[in-house]
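*Asks:* A structural model of the following input is requested.
(one chain, ligands or ions: 1)
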Amino acid sequence: MISFRPLTEADLPLFLEWLRRPHVAEWWQPTPTLEELRDDYLPAMTDALPLDAPGGTVAYLVYRNNEPFGFIQAYRVMAHQKDGWWLEETDPCALGIDQLIGEPDLIGKGVGTEMIKAFVARLWSDPRVTAIQTDPDPRNARAIACYRKVGFQDVAPVATLDGPALLMRMHRPQQARA
Ligand SMILES: CC(C)(COP(=O)(O)OP(=O)(O)OC[C@H]1O[C@@H](n2cnc3c(N)ncnc32)[C@H](O)[C@@H]1OP(=O)(O)O)[C@@H](O)C(=O)NCCC(=O)NCCS
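*Replies:* Sure, this is the predicted structure:
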């Protein structure tokens, strides 16, 4: 049973511990200090819907049987254009997601697929949301395989401020249309 709880300041040491673990640090760079993490994520600590989040991002810890094991965030794609990201985007209702499993024992067992499917279903429950993207490192074959299983389709290799990425996207499924 997977659940999502908005990130709080009390969660930051655990989040940082996960970011420092080699299986995450390999793909999630640079590893911040606790102060940087707090500065980056305080605006994302909200239970607003992602399209309404004042800072453009909502961050969650992910729980399984009441144990935290991962992190996931949703951002309004166009909200990050002011920082130089996704300058081609014209859809104000497109979201993006970023995620990690912090507990190494849970990697490669289908948990990520389950987590992201549940999160995507939650995002579609806002009828305004039209599309969801994610942008793994093109070398992160495990993440790409997982996202394809969830239903993301490859769009194109892109250059981002964090380096090369594979842009992957899902559009609202017909049956979930409001
Ligand atoms: C990315 C992540 C969330 C995926 O979750 P996960 O639970 O590990 O993924 P799943 O087990 O659901 O699916 C992984 C798939 O990749 C496949 N895979 C694993 N290693 C692979 C590799 N080197 N090449 C190709 N496929 C690979 C697995 O076989 C599995 O597919 P299958 O079920 O068809 O066999 C998780 O691995 C993670 O948090 N990684 C560390 C941080 C990270 O990379 N975050 C993503 C940043 S974009």
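*Asks:* so where's the chain uncertain?
*Replies:* 175-178 (pLDDT under 70).
*Asks:* for the residue of it found nearest the ligand, which three-state class applies?
*Replies:* Of all residues in the chain, the one sitting closest to the ligand is residue 112 (1.8 Å; C-beta to the nearest ligand atom). All C-beta atoms are positioned from the backbone trio N, CA, C, and that covers glycine. Reduced to three states with DSSP: H, G, I helix; E, B strand; the rest coil, the structure at residue 112 is helix.
*Asks:* would you confirm that it contacts residue 146?
*Replies:* Yes - using C-beta atoms under 8 Å, residue 112 makes contact with residue 146 at a distance of 4.7 Å.
*Asks:* can you check which residues contact both of the two?
*Replies:* Common contacts of residue 112 and residue 146 (C-beta atoms under 8 Å, 6 or more residues apart in numbering): none found.
*Asks:* show me what whichever strand or helix holds residue 157 is in contact with.
*Replies:* Residue 157 belongs to strand 153-160 when assigned by DSSP states H and E. Strand 153-160 has contacts (C-beta under 8 Å, 6+ apart) with 85, 133, 135, 138, 144, 148, 164-170.
*Asks:* go with 7 Å
*Replies:* With contacts defined as C-beta atoms under 7 Å, 6 or more residues apart in numbering, strand 153-160 is touched by 85, 135, 138, 164, 165, 166, 167, 168, 169.
*Asks:* list only buried entries from the residues you listed.
*Replies:* Listed as buried from the contacts of strand 153-160 are 85, 135, 165, 166, 167, 168, 169; burial here means 16 or more other C-beta atoms under 10 Å.
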